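*Asks:* model the structure of this input:
(one chain, ligands or ions: 3)
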Amino acid sequence: MDDRATQAYHLLEETLHARNVDVAAVRTALKQQEIETPSWGYADSGTRFGVFPQSGAAVTIAEKLADAAQVHKFTGIAPLVATHVLWDLPDDAAVESVPALAASLGVRIGSINPNVFQDREYWMGSFGNRNPAARRKAVDHCLRSVEIGKQLKSGVLTLWFADGTDYPGQSDFRERKRWFQDCLHEVYAAMPDGMTMLVEYKPFEPGLYHTDIADWGMSYVFCRNLGDRARVLVDLGHHLPGTNIEHIVAFLLDEQLLGGFHFNNRKYADDDVMVGSINPYEFFLIYNELVKEELNPRGNPKVEYMVDQGFNTKKKIPGMIQTVLMIQRTYAKALCVDRVRLAEAMGNHDVVAAEQCLLDAFNVDVEPLLRRVRAEMDVPEDPLAAFLSSCYQTGIERDRGIRTGAGGLGQ
Ligand code: AFD
Ligand code: MN
Ligand code: MN
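*Replies:* Numbering: from 1, shown residues only. Ligands and ions are numbered 1, 2, ... in the order given. Here you go, the predicted model:
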């Protein structure tokens, strides 16, 4: 760190000490942060109106791991990579190639994502399909995903279902609920003790009239009925406008059922744009609840911090670095809340002072703190600038060019 950066850090340290913040503990927490980036974020995905393949986009799992490893190399806090079974691990050879490859790149496999939403048989659903053969196919694919998780030493099976209906009368809600429960039970029973099932919810898309796991409550009920290794996955883009997500997060934490996140942000729908890019204060308020649990643990098991984003108009690796830095910055801000003053203000019903505690933390320029932490972690103080000045992006564009295949949505 140069002298100006050092001076800025010490000024910030003074401010935080005056706000009852244990700066040494904050630096430790920031160094322990681990974020999972998705393999599909490095490949071409697109929208339902088309895919615009990018030069250098990853196609194979080897390329996706290599690109993810760059994000970890420059940020130091993104060692985990989510895999999507059909897009990344289509055969045993691909699965067998992963452990050595990941180890050589300094990354680890995070969650395993089955895909029960693209094959022809799933036209009318997977676990919610009236046809038992379709349900059988979906369960078998999830059972294979559990086996892959064992092989890759993944402790997390993340389940998202596109199941739903387009019109009233198309299907019976309660019949589908029972098919889901039975199928989930079979997959849950096959998981080894060290594996956790995260059940994701989404109120809309692709089902136009209903989706079978539409909100946190439905996921909660399924998880409760399964056992203590099933927990709720909160995808930030999966809420209707106006939903208070930080309240849902707090409620799930209190129930010890918060399994993890798919970080992204939305302006209109499930846009999968960069987390915090549209509503950074909401993201801060979510992290405020997570930090409260960290400082005063009440039993919620380990939370998985997973990114679920695609990049159509951004270049993918720099876009993912921006995302990881946004998550790091937001976590740092939440760690800067003066919780002594906040508790006093709450106790006195002093609403202005209470809100001001959060606003003060949100408005802290944490960059001097992050630069100090990065220097101590021996990663670049400006990870994005460092990556952009490296030759990696030009290298993959030269070597890979524009291709199609193995991206999200089966490109
Ligand atoms: C889509 C779904 C859901 C899922 C993700 C990866 O909406 O968020 O987690 O694809 O399969 O974004
Ligand atoms: Mn998701
Ligand atoms: Mn989504």
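*Asks:* excluding its backbone neighbours, what's nearest Gln170?
*Replies:* For Gln170, ignoring the flanking residues on the chain, the nearest one in space by CB to CB, 6 or more residues apart in numbering is Tyr209 at 7.1 Å. All C-beta atoms are positioned from the backbone trio N, CA, C, and that covers glycine.
*Asks:* near ligand 1, which residues of the protein show up?
*Replies:* Contacts of the chain with ligand 1, taken as CB under 6 Å from any ligand atom, map to Asn113, Trp160, Glu200, Lys202, Asp235, His262, Asp270, Asp272, Asp308.
*Asks:* what's the farthest-apart pair in the residues you listed?
*Replies:* Asn113 and Asp270 (15.5 Å; CB to CB).
*Asks:* what is the most centrally placed residue in the chain paired to in the beta sheet?
*Replies:* By CA atoms, centre = their mean, the chain has its centre lying nearest to Met306, at 2.1 Å. With DSSP bridges as the criterion, Met306 is bridged to Glu36, His262.
*Asks:* and it, what pLDDT?
*Replies:* pLDDT recorded at Met306 is 98.
*Asks:* what about it, distance to Glu34?
*Replies:* For Met306, the distance to Glu34 (CB to CB, to the nearest Å) stands at 10 Å.
*Asks:* so what sits against both of these two?
*Replies:* Here Met306 and Glu34 have Leu80 as joint contacts, going by CB atoms under 8 Å, 6 or more residues apart in numbering.
*Asks:* which ones are touching Gly259?
*Replies:* So Gly259 contacts Thr196, Met197, Leu198, Val199, Cys223, Ala230, Arg231, Val232, Leu233, Pro301, Val303, Glu304 (CB under 8 Å, 6+ apart).
*Asks:* tell me how far stretch 335-352 lies from the chain's centre.
*Replies:* Taking CA atoms, centre = their mean, to the nearest Å, the mean C-alpha location of stretch 335-352 is offset from the chain mean by 30 Å.
*Asks:* for this structure, give me the ranges with low pLDDT.
*Replies:* Residues of the chain meeting the criterion pLDDT under 70: 406-411.
*Asks:* enumerate the residues of it near ligand 2.
*Replies:* Applying CB under 5 Å from the ion, we find that the chain lies next to ligand 2 at Asp235, His262, Asp308.
*Asks:* list the helices and strands the strand or helix carrying Thr83 packs on?
*Replies:* Using DSSP states H and E, Thr83 maps to strand 80-84. Helices and strands touching strand 80-84, by 3 or more CB pairs under 8 Å, 6 or more residues apart in numbering; DSSP states H and E, are strand 36-38, helix 61-75, strand 108-113, strand 304-307.
*Asks:* could you give the number of residues near Asp308?
*Replies:* 27 (other CB atoms under 10 Å).
*Asks:* returning to that earlier point: looking at the contacts of Gly259, which is nearest ligand 2?
*Replies:* Leu233 (7.2 Å; CB to the ion).
*Asks:* now stretch 40-60, how far from the centre of its chain.
*Replies:* 19 Å.
*Asks:* these two touch, right, Ala345 and Asp360?
*Replies:* No - when contacts are counted by CB atoms under 8 Å, Ala345 is not listed as touching Asp360 (11.4 Å).
*Asks:* what helix or strand is Leu143 located in?
*Replies:* For Leu143, the host element (DSSP H and E) is helix 132-151.
*Asks:* direction-wise, compare that helix with strand 80-84 and give the angle.
*Replies:* If you take axes from the mean of the first three to the mean of the last three CA atoms, to 10 degrees, helix 132-151 sits at 150 degrees to strand 80-84.
*Asks:* and helix 132-151, what does it pack onto?
*Replies:* If you count contacts as 3+ CB pairs under 8 Å, 6+ apart, helix 132-151 packs onto helix 85-88, helix 92-105, strand 108-113, strand 156-159, helix 173-190.
*Asks:* mind saving the C-alpha coords of the second one as CSV?
*Replies:* Spelled out, that is helix 92-105. Coordinates of the C-alpha atoms in helix 92-105 are reproduced here as CSV (Å, rounded to 0.1, in the frame of the first residue of the first chain):
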residue,chain,number,x,y,z
ASP,A,92,-18.0,-39.9,-16.7
ALA,A,93,-14.8,-38.7,-18.5
ALA,A,94,-15.7,-35.1,-17.8
VAL,A,95,-16.4,-35.9,-14.1
GLU,A,96,-13.2,-37.9,-13.7
SER,A,97,-11.2,-35.0,-15.2
VAL,A,98,-12.4,-32.4,-12.7
PRO,A,99,-10.6,-33.2,-9.4
ALA,A,100,-7.0,-33.0,-10.7
LEU,A,101,-7.9,-30.0,-12.9
ALA,A,102,-9.5,-28.0,-10.1
ALA,A,103,-6.6,-28.8,-7.8
SER,A,104,-4.1,-27.7,-10.4
LEU,A,105,-6.0,-24.4,-10.8
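*Asks:* would you mark the buried spots in it?
*Replies:* Ala94, Val95, Ser97, Val98, Leu101, Ala102, Leu105 (16 or more other CB atoms under 10 Å).
*Asks:* who's in contact with stretch 146-159?
*Replies:* Contacts to stretch 146-159, defined as CB under 8 Å, 6+ apart, come from residues 82-83, 85, 89, 95-96, 98-99, 109-114, 142, 145, 184, 187, 190-192, 194-200, 233, 260, 304, 306.
*Asks:* same deal with stretch 202-218?
*Replies:* Taking CB under 8 Å, 6+ apart as the rule, stretch 202-218 contacts 117, 125, 127-128, 160-168, 170, 173, 176-177, 180, 199-201, 219, 222, 232, 234-235, 238-240, 248, 251-252, 269-270.
*Asks:* filter those down to the ones in strands?
*Replies:* Within those, residues falling in strands by DSSP state E are Gly164, Thr165, Val199, Glu200, Val232, Val234, Asp235.
*Asks:* any chance of these in TSV, plus distance to Lys292?
*Replies:* Shown next, in TSV, are the ones in strands among the contacts of stretch 202-218 (distance: CB to CB, whole Å):
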residue	distance to Lys292
Gly164	34
Thr165	39
Val199	24
Glu200	24
Val232	18
Val234	16
Asp235	22
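*Asks:* from those, pick the one nearest Arg329.
*Replies:* Among the ones in strands among the contacts of stretch 202-218, and counting by CB to CB, the member closest to Arg329 is Val234, at 19.9 Å.
*Asks:* contacting residues around the closest residue to that closest one other than its chain neighbours?
*Replies:* Among residues not flanking Val234 along the chain, Phe261 sits closest, at 5.2 Å (CB to CB, 6+ apart). Contact analysis of Phe261 by CB under 8 Å, 6+ apart lists Leu233, Val234, Asp235, Leu236, Val303, Glu304, Tyr305, Met306.
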